[in-house]
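Colleague: what would the 3D arrangement of this be:
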Amino acid sequence: MEANDKTAAYLGFARRAGKLTLGVHAAGTLRGGVYLLVADETVAKNNRKEIEKLQRKFSCPLIFVSGLEDITGKEACKLAAVREEHLAGAILAAHSRD
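Modeller: Presented below is the predicted three-dimensional model:
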């Protein structure tokens, strides 16, 4: 599912607020406070397993979008961890409207 403009905008807000951690390994170093994981739908099988482990670790929703690299502006970005509860809720709501 392609990320809509609102999903992309909310991810941008989270990044500018310093509440977005980019990358599977960077997210793995977090100790908590993750409210949503946003993964690129092209993520490799091994990384998908790692992302699913992170989802269990943080007990948070996981959504898949296309073009996460373009949305975040980080080359080869396959995962974004949203660390702000209200933005995570807004992203989920925008994503579910797609």
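Colleague: in this structure, which spans are helices?
Modeller: 5-16, 24-28, 45-58, 68-72, 85-96 (DSSP state H).
Colleague: K53: how many residues sit nearby?
Modeller: K53 has 12 neighbours, counted by other CB atoms under 10 Å. Bear in mind the C-beta positions are built from the backbone N, C-alpha and C, glycine included.
Colleague: still on that earlier bit, closest to L36 out of the helices of the chain?
Modeller: Nearest to L36 among the helices of the chain is helix 85-96; the distance by CB to CB comes to 3.7 Å.
Colleague: where are the low-confidence patches of the protein?
Modeller: 1-3, 98 (pLDDT under 70).
Colleague: okay, which residue is most central for it?
Modeller: V38 (2.3 Å; CA atoms, centre = their mean).
Colleague: would you mind measuring from it to I63?
Modeller: Counting by CB to CB, to the nearest Å, the gap from V38 to I63 is 6 Å.
Colleague: shared neighbours, these two?
Modeller: Any residue near both V38 and I63 by CB atoms under 8 Å, 6 or more residues apart in numbering counts here, and that gives I91.
Colleague: give me phi/psi at A44?
Modeller: The phi and psi values for A44, taken as degrees, to the nearest 10, are phi -70, psi 160.
Colleague: what's the burial count for the spatially closest residue to it that is not a sequence neighbour?
Modeller: Excluding its sequence neighbours, the residue lying closest to A44 (CB to CB, 6 or more residues apart in numbering) is K78, at 7.8 Å. Using other CB under 10 Å, K78 has 21 other residues around it.
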